[in-house]
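Asker: Need a 3D model of the following:
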Amino acid sequence: MTRLSLSLGFAAFAAIASASTAELPAEIKQAGALKLTVNSTYAPMEYRDPASNELVGLDIDLANELAKRLGGLKIVWSETPFAELIPSLQTKRADFIISGISDRASRRETADFVDYLTTGPQFFAMAESEAKAATDLCGKKVGTTRSTSFPVEIEKWSKQNCEPAGKPAIQYVPGENSIDVRNQLKQGRIDAAVQGSETLPYAQTQEPGKYRVIGAQLTIGYQGIMFRKDDAALREVVTEKLTAMIADGSYKAVLDKWGLGANAVTQPLLNAAPQ
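Answerer: This next block holds a predicted model:
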């Protein structure tokens with residue numbers, strides 16, 4: 001994150017905050033409901049609780065609190081593969097997307113992001129792996145979810161770190177989602193994997209002693225609530241409510257509940273991820 005991009009994010013936020021109190025779009029107010037779509041395979045952000053089969057997670061809690069503050073709106077949840085999240089927004093099946101999705105410049109051609117959580121791709125392996133440093137993964141099979149930005153990040157990291165050391169490039173292996181990738185790792189079909197850093201503490205608590213993080217995050221970025229470009233009114237009113245949640249501590253309480261207090265932002269940022 002450069003100082004310039006961070007300054008632009010704060011400036012954009014300040015412009016929103018200085019505006020008059022935003023209003024919900026009339027169609028949402030009339031319906032009394034928000035349509036939200038998630039990919040429920042990304043614990044602890046959103047997933048089905050194995051015991052109750054209820055949709056739970058950090059994003060679910062944040063969305064529920066936002067809906068309450070938006071006049072007690074009901075949320076109509078739907079689920080879709082990660083690759084269908086953006087189409088769900090553009091076809092108006094979803095009013096906005098809050099589902100573990102990273103703010104990326106390529107995604108901002110048709111959407112705006114209100115960034116609310118720090119994130120970054122992270123290497124991890126089985127606890128018994130011989131890899132000690134990230135460069136030990138050069139030439140190895142590394143899996144990640146195909147529809148995320150992580151395959152590009154792996155390739156970029158490999159070119160910057162493996163090639164200069166005279167080591168072979170990382171062999172990227174695609175997976176359908178984070179669960180599939182972890183299963184490939186446990187089955188020995190890949191040597192290591194990459195997931196968002198926010199998911200690994202949860203995975204380690206669910207399977208103690210099973211996984212080991214390797215090296216630092218490949219990059220530092222943000223997860224954001226994604227809005228259509230032409231939906232500025234909804235974006236602004238959600239930003240106002242999120243700002244209030246940060247100020248009164250309820251935002252931090254949600255992050256702490258899911259073990260991600262260290263990933264908090266001090267205020268919402270608009271399209272703040274690096275270009």
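Asker: So which residues of the stretch 51-200 of the chain form helices?
Answerer: Per DSSP state H, counting those that start in this stretch, the stretch 51-200 of the chain carries helices over the ranges 58-69, 85-90, 150-161, 178-186, 200-206.
Asker: how about these in CSV, adding distance to Thr118?
Answerer: Placement of C-beta: from N, CA and C, glycine included. Supplementary listing: the helices of the stretch 51-200 of the chain in CSV, determined by distance: least, C-beta to C-beta, whole Å:
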stretch, distance to Thr118
helix 58-69, 13
helix 85-90, 20
helix 150-161, 15
helix 178-186, 18
helix 200-206, 14
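Asker: Save those helices as CSV, and put in mean neighbour count too.
Answerer: Formatted as CSV, those follow (neighbours: other C-beta atoms under 10 Å):
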stretch, mean neighbour count
helix 58-69, 20
helix 85-90, 17
helix 150-161, 18
helix 178-186, 19
helix 200-206, 16
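Asker: so which of these comes closest to Thr243?
Answerer: Nearest to Thr243, of all the helices of the stretch 51-200 of the chain, is helix 58-69, at 10.7 Å by C-beta to C-beta.
Asker: Now do the same contact list for Lys257.
Answerer: Going by C-beta atoms under 8 Å, 6 or more residues apart in numbering, Lys257 touches 58, 61.
Asker: for Leu24, same thing?
Answerer: 70-71, 233-234, 237.
Asker: likewise Val142?
Answerer: By C-beta under 8 Å, 6+ apart, the residues touching Val142 are 123, 154, 170-173, 190-194.
Asker: Closest one of the residues you listed to Gln206?
Answerer: Ala193 (15.2 Å).
Asker: follow-up on the earlier one: can I get the buried part of the contacts of Leu24 as one PyMOL selection?
Answerer: Restricted to buried positions by 16 or more other C-beta atoms under 10 Å, the PyMOL selection for those reads:
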select buried, resi 70+234+237
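Asker: List just the nearest of the contacts of Leu24 to Tyr202.
Answerer: The closest of the contacts of Leu24, once distances to Tyr202 are taken by C-beta to C-beta, is Leu70, at 27.8 Å.
Asker: quick one, strands of the stretch 1-150 of the chain?
Answerer: 33-38, 41-42, 46-48, 55-56, 74-79, 111-119, 121-126, 141-145 (DSSP state E, counting those that start in this stretch).
Asker: Dump those into a markdown table; add distance to Leu255 and mean pLDDT as well.
Answerer: What follows is the strands of the stretch 1-150 of the chain, written out as a markdown table (distance: least, C-beta to C-beta, whole Å; pLDDT from 0 to 100):
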| stretch | distance to Leu255 | mean pLDDT |
| --- | --- | --- |
| strand 33-38 | 18 | 98 |
| strand 41-42 | 16 | 93 |
| strand 46-48 | 14 | 96 |
| strand 55-56 | 15 | 98 |
| strand 74-79 | 20 | 98 |
| strand 111-119 | 8 | 97 |
| strand 121-126 | 18 | 97 |
| strand 141-145 | 23 | 97 |
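Asker: Quick one: closest of these to Ala264.
Answerer: Distance to Ala264, taken as C-beta to C-beta, is lowest for strand 111-119 among the strands of the stretch 1-150 of the chain, at 7.4 Å.
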